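J.: Fold the following, please.
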Amino acid sequence: MDWGRRAWRSGVVLCGWGLAALAAQGGEAQMRQVDFVGQPASLEARRTAEWAMSSGDVIGKPFAVVDKREARIYVFDATGRLAGAASSLLGLAKGDASAPDVASKVSTGIPLAERTTPAGRFNSEPGHNLKGEAIVWVDYDAAVAIHRLRPAPAAERRPQRLASAHPDDRRISLGCIIVAPEFYDAVVAPTLGSQRGVVYVLPESTEVAWL
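T.: Coordinates of the predicted model:
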């Protein structure tokens, strides 16, 4: 692991900032239309992407919206145009917070109940794992990253799960956001993998606080 930043995961704080930003711009009517290029997306994912641009929160950076309920990721360039969308593997356990010191358990085995993908707003950075593989750090302290699908025990059926049309089938990771290698190379690497960005992970157990 090389570098990372402490993630900002307070939905309450983000809610307050988001509402203040919208109020300063005249409210919801000022929310900028983000180009999803015809891709289907939930209302929460669309409004989060629009808020990211309208509030200036992304500050000219590429960004991504991860919809945990749909187990899907949307990656945008700095202009707000969709660079690509795809299914993703997410944390096996339902929940929106990381367990304390979960990163220290990666080498010994993270308990099943602690294999969550945390929700919130994260400052992402390109980096590498211990094997030198290029990844995008989402929450460095919790060892959560966006990375390519890797070889795994056949019993986990990860390629088949990633291809499944059912979001619940795509809950198998330790907490990372896993995408197909071709999607990582064509979409993630040129955007979030080439500079710092922002990743919004939508909660699954509550409503999106900042909307």
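J.: can you pull the buried residues of stretch 68-79?
T.: Neighbour-count burial for stretch 68-79 flags 68-78 (criterion: 16 or more other Cβ atoms under 10 Å). (Glycine included, C-beta is placed from N, CA and C.)
J.: I meant stretch 163-182, not that one.
T.: By neighbour count on 16+ other Cβ under 10 Å, the buried set for stretch 163-182 is 167, 169-180.
J.: Name the nearest of these relative to residue 118.
T.: Nearest to residue 118 among the buried residues of stretch 163-182: residue 175, at 7.4 Å, using Cβ to Cβ.
J.: which residues does residue 134 contact?
T.: 126-128, 189, 193 (Cβ atoms under 8 Å, 6 or more residues apart in numbering).
J.: In JSON lines: the residues you listed, plus pLDDT, distance to residue 207 and neighbour count.
T.: Putting the contacts of residue 134 into JSON lines (pLDDT from 0 to 100; distance: Cβ to Cβ, whole Å; neighbours: other Cβ atoms under 10 Å) gives the following:
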{"residue": "126", "pLDDT": "97", "distance to residue 207": "31", "neighbour count": "21"}
{"residue": "127", "pLDDT": "96", "distance to residue 207": "32", "neighbour count": "17"}
{"residue": "128", "pLDDT": "94", "distance to residue 207": "36", "neighbour count": "14"}
{"residue": "189", "pLDDT": "98", "distance to residue 207": "33", "neighbour count": "15"}
{"residue": "193", "pLDDT": "97", "distance to residue 207": "31", "neighbour count": "22"}
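J.: can you tell me which of these are in helices?
T.: With helices taken from DSSP state H, there is no overlap with the contacts of residue 134.
J.: so can I have JSON lines of those showing distance to residue 89?
T.: Shown next, in JSON lines, are the contacts of residue 134 (distance: Cβ to Cβ, whole Å):
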{"residue": "126", "distance to residue 89": "20"}
{"residue": "127", "distance to residue 89": "20"}
{"residue": "128", "distance to residue 89": "20"}
{"residue": "189", "distance to residue 89": "18"}
{"residue": "193", "distance to residue 89": "18"}
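J.: if we can go back for a sec, which two from the buried residues of stretch 68-79 end up farthest apart in space?
T.: Using Cβ to Cβ, the buried residues of stretch 68-79 span at most 26.5 Å, a distance reached by 69 and 78.
J.: In this protein, mark out all the helices, start to finish.
T.: Assigned helices in the chain, in chain order: 11-24, 43-54, 158-163, 181-183 (criterion: DSSP H).
J.: The second one packs against which elements?
T.: Based on contacts counted as 3 or more Cβ pairs under 8 Å, 6 or more residues apart in numbering; DSSP states H and E, the elements that helix 43-54 packs against are helix 11-24, strand 63-67, strand 72-76, strand 197-202.
J.: re the thing from before, ok, of the buried residues of stretch 68-79, which one's closest to residue 163?
T.: Closest to residue 163 out of those is residue 71 (11.8 Å), distances taken as Cβ to Cβ.
J.: Low-confidence stretches in the chain?
T.: 1-33, 104, 107-108, 210-211 (pLDDT under 70).
J.: Where do the strands of it begin and end?
T.: 63-67, 72-76, 82-87, 90-91, 120-128, 134-139, 144-148, 171-173, 177-179, 197-202 (DSSP state E).
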